[in-house]
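1. Turn this into a model:
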Amino acid sequence: ALDNGYQSAFMAPTEILAEQHYANLRKYLDPLGVEVRLLLGGQSKTLRAEILADLAEGRAHIAVGTHAVIQDGVQFHRLGMAIVDEQHRFGVMQRAHLFSKGENPHMLLMTATPIPRSLAMTVYGDLDVSIMDELPAGRKPIKTVLRSEKRRGEVYQFLREQLREGRQAYVVYPLVEESEKLDLKDAESGYETLQETFRPYTVDLIHGRMLPYEKDEAMARFKDGQTDILVSTTVIEVGVDVPNATVMLIEHAERFGLSQLHQLRGRVGRGGNQSYCILMADYKRSAEAEQRLNAMVATTDGFKISEMDLQLRGAGDFFGTRQSGLPDLKIADITQDVDVLQQARAAAFELIARDPHLRAEEHTEIRRLFERDYARRSLGYARVG
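-> You can find the predicted model right below:
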């Protein structure tokens, strides 16, 4: 993009992840004279004004940031490339807003777990897919197990063994504070219990209600090895890279979606040591929750996970913003008829290549149906996954 006179935007869901990408890009691009800017929500007015001016006037080549990148005041001189990391964390409207910052920019969507809607679009949308399905050199597949409350003592003993070997662990809860109605374990009481249970090891807490600097400090302590166990909510779902962490213990795993579970599991297994994901689940769980948990135990393949998610949640409205629920197809079943859908997609692209405006006499009926059913709807959403 830069070689052809265009700017790029790189959007990530959390400040931790945005700062990580910013630091990595600076390391590679500073020696080349490429100007990279970081846009975050809590920046001073003076700094923000300076960054916005650099982007609008073309002095900055790349903008990295959180949702701050798509705010109304952000204008690009010539945006040609838009990248969305962990795209399942953004809504369709947010991705469309980033797309609208340029004149038909190229879009690159990255995720370890394609959400069902995007999986459907790759079957017969205008998204192309590249799959990296091999682990980096030296990494081992994560071992995933499902455990009930009666085996908690056994789980804690295993956790102690990992800590004794100098490893670190995450313990993730679905809530910040206790809920009497739901009767779920929460991060704050879990933090207090684990402090007592795992003395003399150091236990720390991080959740979404903490101030940004508090979260950053807690993550820095864990990354530097000062913390042995990090108790958290799903705030650590993305943007955390601690190679020494080998255990991901998820409480009330039946309460999480497949995408969340897979993303949380991905926080471990980032070094050369064997890593483990332990799913603690209640006996009282729905048939759908049972399917999700069994899928997690059966595979670490992100696309297989997403296929199961597709069957459970549906593919969403292709031309709208709904993220789940099966599309309104009269005959085809997107979870069963993949081969037919791929043939239909190929046929549609071939037809448009021959007759882009559908002006040929034999395409009159197709044109009429398109104008009646789709022409006034927002086809732009199909471009942003």
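2. pLDDT below threshold where in the chain?
-> Across the chain, the ranges flagged by pLDDT under 70 are 113-126, 176-185, 237-239, 315-328, 375-385.
3. domains for it, by residue range?
-> What the TED database lists as the domains of the chain is 2-111, 143-313, 338-374.
4. so residue 367 is in which element?
-> Following DSSP states H and E, one finds residue 367 within helix 364-373.
5. What are the contacting residues of that helix?
-> Here helix 364-373 makes contact (Cβ atoms under 8 Å, 6 or more residues apart in numbering) with 351, 358, 359. C-beta: built from backbone N, CA, C; applies to glycine.
6. Grab the most central residue of the protein for me.
-> The residue lying closest to the centre of the chain (Cα atoms, centre = their mean) is residue 86, at 3.0 Å.
7. ok, that residue to residue 13 distance?
-> 5 Å (Cβ to Cβ, to the nearest Å).
8. Just the strands from the stretch 101-250 of the chain, written as ranges.
-> Ranges of strands in the stretch 101-250 of the chain, per DSSP state E, counting those that start in this stretch, are 106-110, 143-147, 168-172, 203-206, 229-232, 245-250.
9. Rebuild those strands as a markdown table, extending it with distance to residue 8 and mean neighbour count.
-> Formatted as a markdown table, those follow (distance: least, Cβ to Cβ, whole Å; neighbours: other Cβ atoms under 10 Å):
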| stretch | distance to residue 8 | mean neighbour count |
| --- | --- | --- |
| strand 106-110 | 9 | 16 |
| strand 143-147 | 36 | 16 |
| strand 168-172 | 32 | 25 |
| strand 203-206 | 31 | 22 |
| strand 229-232 | 32 | 27 |
| strand 245-250 | 31 | 24 |
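10. any chance of these in JSON lines, plus distance to residue 293?
-> What follows is the strands of the stretch 101-250 of the chain, written out as JSON lines (distance: least, Cβ to Cβ, whole Å):
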{"stretch": "strand 106-110", "distance to residue 293": "26"}
{"stretch": "strand 143-147", "distance to residue 293": "5"}
{"stretch": "strand 168-172", "distance to residue 293": "15"}
{"stretch": "strand 203-206", "distance to residue 293": "25"}
{"stretch": "strand 229-232", "distance to residue 293": "20"}
{"stretch": "strand 245-250", "distance to residue 293": "10"}
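11. for those strands, which one sits closest to residue 287?
-> strand 143-147 (15.0 Å; Cβ to Cβ).
12. Please name the strands paired to that closest one in the sheet, noting orientation.
-> strand 276-280 (parallel) (DSSP bridges).
13. tell me the angle of the partner strand relative to strand 245-250?
-> If you take axes from the mean of the first three to the mean of the last three Cα atoms, to 10 degrees, strand 276-280 sits at 20 degrees to strand 245-250.
14. May I have strand 276-280 exported as CSV, CA atoms only?
-> The C-alpha trace of strand 276-280 is given here as CSV (Å, rounded to 0.1, in the frame of the first residue of the first chain):
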residue,chain,number,x,y,z
TYR,A,276,-3.0,-27.4,29.1
CYS,A,277,-6.5,-26.1,29.0
ILE,A,278,-8.8,-27.3,31.8
LEU,A,279,-12.5,-26.8,31.4
MET,A,280,-14.4,-26.8,34.8
